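Q: no letters, just coordinates:
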């Protein structure tokens, strides 16, 4: 009889102790947010696509639009292909709110209104996705507004 109780007690203890095994931790929402924001900053993002149109550098056209995000100052700087721009931003896990952007006012000739189209797209941005060397700025419905590439991988 004692052997039976001892066996049941030992089996119960083994079951209880096996239930105490540590489980792998899941990445929390705040950790995902921090990772996404870290992937966004300290890189130069050059526009490769505006809506459904691919952007290519041509000999008679100035540089493509680009953006830089600075986490320390929460500022975004860059160019719309003609004028320099700067402003504030707030990034969340996958949300991106751009503040009012200040720009220079140079005449932009022969750029097929790329600067205006770029600003119109920036005004609609509500979300972002970063995958390796690609940044996608999206509207509130998840539609691609602008796609960027960077030569620098995440650090």
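A: Right, received. Where do you want to start? In this text the structure is predicted, and so the values were computed from the model without any measurement. Residues are numbered from 1 along each chain as shown.

Q: run a quick neighbour tally on residue 44.
A: Neighbourhood size, residue 44 [other CB atoms under 10 Å]: 15. Every residue, glycine included, has its C-beta placed from N, CA and C.

Q: correct me, but it touches residue 68?
A: Yes: with contacts counted by CB atoms under 8 Å, residue 44 reaches residue 68, the gap being 5.5 Å.

Q: do a quick rundown of the strands in this protein.
A: Under the criterion DSSP state E, the chain carries strands at the ranges 44-50, 53-54, 66-70, 75-79, 84-91, 96-98, 102-103, 127-131, 134-138, 144-149.

Q: to residue 35, which of those strands lies closest?
A: Within these, the stretch nearest residue 35 is strand 127-131; the backing value is 9.0 Å (CB to CB).

Q: now the closest one: buried residues?
A: The neighbour-count check on strand 127-131 (16 or more other CB atoms under 10 Å) flags 127, 128, 129, 130 as buried.

Q: ditto for stretch 125-143
A: For stretch 125-143, using 16+ other CB under 10 Å, the buried residues are 125, 126, 127, 128, 129, 130, 135, 136, 137, 138.

Q: what of stretch 83-96?
A: Result for stretch 83-96 [16+ other CB under 10 Å]: buried residues 83, 85, 87, 89, 91, 96.

Q: and the furthest pair within these?
A: Within the buried residues of stretch 83-96, 83 and 91 form the most distant pair, 23.5 Å apart (CB to CB).

Q: quick check: which ranges of this structure have low pLDDT?
A: 1-27, 57-62, 153-155 (pLDDT under 70).

Q: right, I'll call it a day here.
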